[in-house]
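1. Show me the folded form of this:
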Amino acid sequence: MSQVYKEGKDTIIFATKEDHQSPSKIELSPPEPSPGLIFPDGSINWNCPCLGGMATGPCGVEFRESFTCFHYSKEEPKGLECREKFTAMWACMDKYPEVYNEGMKDNEEILSTEENKDDNSVSNVQIENKNQDKKL
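-> Residues are numbered from 1 along each chain as shown. Below is the predicted model of the structure:
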């Protein structure tokens, strides 16, 4: 049988081999669904991991202001009235390249890879068109 000791705020349980051989009788409640970026009431979840820490970084205030403006925007195209807030955020990010350029490098690599794919597909289309011209 297991032994239980209380020491101040701590509870110490010594379990025996037999205790571990029987299946657990504890029933866990189902996990609560993660709220995601937007809470059910429509407000922004600044703790969402999808934001990648942007809301708390050195430009967190500027990010939250621009994102809030965009989220609640009624203009067409959406966010048209948020230009100044986004410009302020980008200006702030330029002051901290060691924080914000790392993610930009990843984006640049992805974009350059996609551009190379696009360039190859364009040249392939041009070659195909030239071959078709010769057949005619």
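
2. Tell me which residue lies nearest the centroid of the protein.
-> residue 50 (2.4 Å; Cα atoms, centre = their mean).

3. So that one lies in a helix, does it not?
-> Yes - assignment of residue 50 by DSSP: H, G, I helix; E, B strand; the rest coil places it within a helix.

4. which residues touch it?
-> 36-37 (Cβ atoms under 8 Å, 6 or more residues apart in numbering). The C-beta positions use only the backbone N, C-alpha and C, and glycine is treated the same way.

5. and residue 62, how many neighbours?
-> With neighbours defined by other Cβ atoms under 10 Å, the count for residue 62 comes to 20.

6. same question but for residue 27, I mixed them up
-> Count around residue 27 with other Cβ under 10 Å applied: 5.

7. Distance check, it against residue 89.
-> As judged by Cβ to Cβ, to the nearest Å, residue 27 and residue 89 stand 47 Å apart.

8. Helix, strand, or coil at residue 13?
-> Under three-state DSSP, the three-state class of residue 13 is strand.

9. With residue 6 instead?
-> Of the three states, residue 6 takes strand under three-state DSSP.

10. residues near it, how many?
-> Counted with other Cβ under 10 Å, the neighbours of residue 6 add up to 8.

11. and residue 45, how far is that from residue 52?
-> Relative to residue 52, residue 45 is positioned 13 Å away (Cβ to Cβ).

12. Quick check on these two: which one has the bigger neighbour count.
-> residue 45 (15 against 10).

13. I'd say that one and residue 36 touch.
-> Yes - the criterion here is Cβ atoms under 8 Å, and residue 45 meets it with residue 36 at 6.7 Å.
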